[in-house]
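>>> next input, structure requested:
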Amino acid sequence: MSEVLSQNEIDSLLAALDSGELEVDDLKENQGPQVKNYDFKRPAKFSKEHLRTLEIIFEHYGRLLSTNLPVYLRKNVQVSVASSEAVTFSEFTNALSNPVILGIINFNPLPGNIIMEIQSSLGYAIIDRMLGGAGLPLEKNRDFSEIELSILDKVLVICMGLFREPWRNVVSLDPFLERIETNPQFAQIISPNEMIAIVTLNVRIGSVEGFMNACLPFLTLESIMDKLNTKYWFSTMQEINDDAYHDNIEALIKRVDVPIKAVLGQSVISVMDFASLQVGDIIRLDRGVEDEMEIYVGNIKKFTALPGVNKDKYAVRVTSVIREED
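Numbers count the residues shown, from 1 in each chain. Next up is the predicted model:
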């Protein structure tokens, strides 16, 4: 218990304060340090600021998944951040079902691994879609076969490669997938009492919806914890140069392949004539030998040209360009 002052001591203390013999700051220094309870089983290693920055990173990651996965699944994919929290690793593993899809990812150059957990319902939907199905989950969960794990391995490698860009403002990553586990007991990457940050992504593939959890151990992120704050995040974001952006887009567009066709001519015949066509028959076109041909880029008439040959190939020589105003 703290010492109780008598009335005389209180009066003397007030008089010393009034006369200036004693300063208030001196009283504050004499007070003991403020003590608060600390749970050593759940050390507060991830602050709200850290979790918020991780959410920003995975919001960017979710947009990349929504853009890239439909190319492989041929299905609309929507990804959003559902929540983030700090728990112990044992709490995370105890909540996992069996079987489950756990991608053990080496977060090179950071030490240690992270875990990407995909709900089994999403895993079955991805497998069904990759094999040409409608992308529906199984009615009853079962163990994954070797072929199914091989398919999931390729999908996880694609998802893992998308980590580089969202983390670029914090650290330059070169991650790689070490293995896939379906039993939580074989995914003990750290001590059960170690703290981890869990970022939960809500994933919708067509009509199938489920969760994808990113397990980020403190030991892996410890060296970059000072960078996991919004102040550092926005201070390191480079301003986008519009000219450089346009040049980059133009360079990418120039490498896109477009179909082009040269139409020699057209003709209209009856169904009876078409049905009676034989080898050696001649179809008369609507153009003369010296007339120019129409060149189409996609379905747009873009050039006129004259027919000819180049070495052993048929060719055309462009004679004019058709502008949009024409």
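>>> what residue spans form the domains of the protein?
Per automatic domain parsing, the structural domains of the chain span 48-250, 257-321.
>>> what's the distance between the last one and the middle of its chain?
Meaning domain 257-321. Its chain's C-alpha centre and that of domain 257-321 lie 47 Å apart, by C-alpha atoms, centre = their mean, to the nearest Å.
>>> ok, now the first one?
Distance, stretch centre to chain centre, for domain 48-250: 7 Å (C-alpha atoms, centre = their mean).
>>> end-to-end on that domain?
End-to-end distance for domain 48-250, by C-alpha to C-alpha, to the nearest Å: 41 Å.
>>> go on, stretch 103-120?
The distance separating the two terminal residues of stretch 103-120, taken as C-alpha to C-alpha, comes to 12 Å.
>>> begin at 182, not 1, for the rest of this chat.
Sounds good: first residue 182 from here, last item stretch 284-301.
>>> tell me which residues in that stretch are buried?
Residues 284-288, 291, 293-301 are the ones in stretch 284-301 that count as buried (16 or more other C-beta atoms under 10 Å). C-beta coordinates here come from the backbone N, C-alpha and C atoms, glycine included.
>>> farthest-apart pair in these, please.
By the measure C-beta to C-beta, L291 and S301 form the most distant pair in these, at 28.3 Å.
>>> tell me which of the buried residues of stretch 284-301 fall in strands.
Residues of the buried residues of stretch 284-301 located in strands (DSSP state E): 284-287, 294-299.
>>> returning to that earlier point: nearest to D192, of the domains of the chain?
D192 lies closest to domain 229-431 among these, at 46.8 Å (C-beta to C-beta).
>>> quick one: average pLDDT of the closest one?
For domain 229-431, mean pLDDT rounds to 85.
>>> same check, this time on stretch 475-489
88.
>>> mind listing what's buried along it?
Buried-residue list, stretch 475-489, by 16+ other C-beta under 10 Å: 475-476, 484-486, 488.
>>> and stretch 456-475, by the same measure?
468, 473-475.
>>> other residues contacting it?
443-448, 450, 482, 484-488, 497, 500-501 (C-beta atoms under 8 Å, 6 or more residues apart in numbering).
>>> contacting residues for the residue nearest the centre of the chain?
Ranked by distance to the mean C-alpha position of the chain (C-alpha atoms, centre = their mean), the top residue is Y242 at 2.8 Å. The contact partners of Y242, taken as C-beta under 8 Å, 6+ apart, are 260, 343-344, 347, 382.
>>> and it, that one's in a helix?
Yes - under DSSP: H, G, I helix; E, B strand; the rest coil, Y242 falls within a helix.
>>> can you tell me how far it sits from T485?
49 Å (C-beta to C-beta, to the nearest Å).
>>> picking up where we left off before, I'd like to know which of the contacts of Y242 is nearest to S404.
Closest approach to S404 among these (C-beta to C-beta): F344, at 16.7 Å.
>>> A helix includes the closest one, no?
No - read with three-state DSSP, F344 is coil and lies in no helix.
>>> verify the stated contact: it with V352.
No - proximity of F344 to V352 does not meet the contact threshold set by C-beta atoms under 8 Å, at 10.4 Å.
>>> T274: what's it in contact with?
365, 368-369, 373.
>>> what do you get for I503?
Per C-beta under 8 Å, 6+ apart, neighbours of I503: 482-485.
>>> where exactly do the strands run in the chain?
Using DSSP E, strands in the chain cover 258-269, 282-287, 294-299, 357-362, 376-386, 389-398, 441-444, 474-478, 481-491, 494-502.
>>> could you dump those strands to CSV with distance to L337?
As requested, those are exported to CSV (distance: least, C-beta to C-beta, whole Å):
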stretch, distance to L337
strand 258-269, 15
strand 282-287, 4
strand 294-299, 7
strand 357-362, 6
strand 376-386, 13
strand 389-398, 11
strand 441-444, 39
strand 474-478, 39
strand 481-491, 41
strand 494-502, 45
